[in-house]
Each structure stands twice: as structure tokens, then as C-alpha cells.
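[1] Any chance you could fold what I've pasted below:
(chains A and B)
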There are 2 protein chains.
Amino acid sequence: MSTIESVHIPPQTGYAFLLPAGGVVRIIAPLGEQVADVMAFAAQDVREYLSSGRTIDYNENIFVVKGSTLYSNRSRPMMTMTEDTAGRHDFLLTPCSQEMFEKTYRVTGHHPSCFENLATNLEKFGVAPDQIPTTLNVFMNVPVDSTTGKVVVDVPSCSAGDYADLRAEMDLVVGVTACSAEMSNNGTFKPIDLEVSRI
Amino acid sequence: MSTIESVHIPPQTGYAFLLPAGGVVRIIAPLGEQVADVMAFAAQDVREYLSSGRTIDYNENIFVVKGSTLYSNRSRPMMTMTEDTAGRHDFLLTPCSQEMFEKTYRVTGHHPSCFENLATNLEKFGVAPDQIPTTLNVFMNVPVDSTTGKVVVDVPSCSAGDYADLRAEMDLVVGVTACSAEMSNNGTFKPIDLEVSRI
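    Numbering: from 1, shown residues only, chains lettered A, B, ... in the order given. Next up is the predicted model:
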């Protein structure tokens, strides 16, 4: 029997936790139209991390779907997406950051960001900000134009209650955010809920 | 007046060097149909590195073209592609590696790889293998299907003598390979030539 822990991530915040091998984190958009940036590191050595490039390479696909294996920079299976009711996630873009808000949206002054929220919550697990790379952006809707290469950030296609399950294939440190970017949640900041099952 | 150093990178090998801000490296496919994996780190702190995710995000494009600015994980301009006669490069996939040859091509025994050649040559600059992320794969031809997300590795579209120029926007450590993968060069391993201009 597994123990289930419920976690509520308020809008524009984050959370980090240990997920042993075999454990599953269910990432839920309780109100729909919200993005959760997810990052994972090997608990035994946080220099091993979830790699977008290796994952795209081995799956031969830019999209993560039900059944996709997510690989580390050392080419080892790190997570598997075992369930998915949303159908669209992004693994191309980096977490929103103070610099992104300044460059892309001309924001002045502090703006909450997924990068800051991951960095703050992952610090206690020995992860430095420079170790946060391209994240798995759960529910993020980023179409790519095959001809021009252009990417756009569209409204997430997930509805209220949609979820994606990620199973740990090794002992992990996992960080998750409720995205802070106006463009990623159709203009209204929303929470993300987690259900974490440990065997 | 700038000093120009010519470097010949034999097939399936690599090279690493310091490129001060303002310097330019011209990456040449002398025989065409060959890929050069390129990675850059800030010379003053190699924890700052060329980031595919930040570059795709800020350019709003998966393709790097003439005029593209390439960004670091700290969102600072690191390089600019100032000239390009080839027209197609990839910034989605990780360097070919021993594990990739084993997983994707069922190779047994040692196979030369861009990852190994970058790691070996970057070691003297204080870069550990785990610090080599998704690289800029110059001349690599990786079309993406917008609908399915599928990526394929096509024959490079570059012809003999095609080149791309990358200008350093900060003092850099740069690694470059002549790709070791059969699929990236139409079945014949080929060299890569460099012309490095320092102001």
C-alpha cells in the first residue's frame, strides 16, 4: 500500500521534495489553464539531472506523452509519464525568470518566477541556481512551426482537474512550481496540486 | 588587425580553446555534409554555459540563423551567429555519446562520440562531463513535425566550404567536434576546419 501526501502549491510559488524510486507524483491543474515547471535531480548526486536534449533524442520527439521515458544527462531513465489526461506539455523552454520578464515583457522591478521558486525550494537539497536547466513544463502549450522554427506560448489546453503522473525510476529530488508567467495561464495566476505516492 | 589561427579537426575528434570577447570562430565543413557540435562556457566561471532553452525562448525559434543571439543559462548574450552560408543548424539534441550509440544503434564496444571528444578537450579548462548539456549542433539537419512532434536526423544540408561564424560576446571557453555519428554526415566521417580570429 502506498502513502499519499497531498500538496497545494499556491499561485506563483513552488515546492520541492524527495521521491524514492517507484514513487509517483500526480501533477494536477485544479482550475485548468495552468503550467507546472518540473525539475528532477538524482538524490544521490544532484549533478545528474533531467535532460531535455537526451529525452528528445531517445524518444525522437519534442513532445512528452503518456509512456514517455525521461532521461538524465547521464542517459539513465529518470522518470516515466505513466498517465496523462492533458495531452500537451513542453520540454523546449527554460523556466520563466526575472531576466525573461525584463527581456520579453519589459517588466521593471521584481516579478515572481518559476526559476526563483525552483531555486529557493531546491537549495536545501544542495541544488545551486546554475544547475536548473530547461525544465519539463507540464501542461505548457508551445506549438512549433516546422518551416520557420517559430515557437509561441499558447494558452494551456488542460481543463480543471486534468493531471499527469510521473513515476520515479531512481531516487529523486523533485521541484514543481505553479507558473508565475501571465502568458502561461491565460492571464490569471492559479495553483497546482500534487498527490505524491510513496511505495 | 586580428590574428587568425587555423585549426583542422580530424574526423571523430574535437578541440577546445579560449575565445576572448569580440573574437570570432568560423566553423567550416570543408567537404560538406558534416556536423560540428559546439559548446561554450564563460571563461571566468564555467558554471555559466550556452543554454538551448534560454536561446530558443528569447529568439522565439528553435532554429539558429544569421543574426541569432545565443544566451547563457544566466540569460546573458554569449555568442552571435554573424555569418552563415549553410542555413540549418540544430539546438534540440544532445551530443552523440557512447550511451546513444548503444541505445539507438545497438553498438557494442567503444564508439567515438562528440560527448567524449568535448569532455576530453574541455577537461583542462575545468569543465566536468556532467556540465556538457544540449549543444549547438552546427550544420545538423533535424526537421520537426509540428503535429506529431517527431524529430529525425537528416543528412546535413551544407555543401563543401559552407561555414558559420560565431562571435564571442564574453570571454569564452569553446569546444568543437567533427561529429562521430554515421547518421549526421551521410555515412562518411569528415573533418571540420576552424578559423579563429582574435582581435
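[2] Okay, and A:Glu102 sits in which element?
    helix A:98-105 (DSSP states H and E).
[3] which other helices and strands contact that helix?
    Here helix A:98-105 touches helix A:114-122, helix B:52-59, going by 3 or more Cβ pairs under 8 Å, 6 or more residues apart in numbering or on different chains; DSSP states H and E. The way it works is simple: take the backbone N, C-alpha and C, and place the C-beta from them, glycine included.
[4] Looking at these, which is nearest to B:Asn186?
    Closest of the helices and strands packed on helix A:98-105 to B:Asn186 is helix B:52-59, at 24.4 Å (criterion: Cβ to Cβ).
[5] How about residues contacting the closest one?
    Residues outside helix B:52-59 that contact it (Cβ atoms under 8 Å, 6 or more residues apart in numbering or on different chains) are A:52-53, A:92-94, A:100, A:103-104, A:133-135, A:151, B:62, B:64, B:68-73, B:75, B:91-92, B:133-134, B:136.
[6] After that helix, heading C-terminal, what element do we hit next?
    Using DSSP H and E, the first helix or strand after helix B:52-59 is strand B:69-71.
[7] so what strands line up beside that next one?
    Partner strands and pairing direction for strand B:69-71 (DSSP bridges) are strand B:77-84 (antiparallel).
[8] Would you check how far apart the residue nearest the centre of chain A and A:Gly22 are?
    For chain A, the residue nearest the mean C-alpha position is A:Val38 (2.1 Å; Cα atoms, centre = their mean). A:Val38 sits at a distance of 18 Å from A:Gly22 (criterion: Cβ to Cβ, to the nearest Å).
[9] Would it be right to say that A:Ala40 lies in a helix?
    No - going by DSSP: H, G, I helix; E, B strand; the rest coil, the assignment for A:Ala40 is strand, not a helix.
[10] Run a quick check on it versus A:Tyr49, I expect a contact.
    Yes - between A:Ala40 and A:Tyr49 there is a contact under Cβ atoms under 8 Å: 7.0 Å.
[11] Read off the pLDDT value for the residue sitting furthest away from the middle of chain A.
    The centre of chain A is farthest from one residue, A:Thr147, which by Cα atoms, centre = their mean lies 27.3 Å away. We have a pLDDT of 95 for A:Thr147.
[12] got the phi/psi numbers for it?
    phi -80, psi -50 (degrees, to the nearest 10).
[13] Pull up the gap between it and B:Met81, please.
    19 Å.
[14] try A:Arg106
    As judged by Cβ to Cβ, A:Arg106 and B:Met81 stand 25 Å apart.
[15] Comparing the two, which residue is more hemmed in?
    B:Met81 (19 against 7; other Cβ atoms under 10 Å in any protein chain shown).
[16] where's A:Pro156 relative to A:Ile4, distance?
    25 Å.
[17] higher neighbour count, these two?
    A count of neighbours by other Cβ under 10 Å puts A:Pro156 above the other of A:Pro156 and A:Ile4, at 28 against 11.
[18] tell me the contacts of that one?
    Here A:Pro156 is in contact with A:29, A:32-35, A:86, A:88, A:139-141, A:184-186 (criterion: Cβ under 8 Å, 6+ apart).
[19] who's in contact with the residue nearest to the centre of chain A?
    Going by Cβ under 8 Å, 6+ apart, A:Val38 touches A:Ile27, A:Leu50, A:Thr135, A:Leu136, A:Asn137, A:Val138, A:Leu166, A:Val174, A:Gly175, A:Val176.
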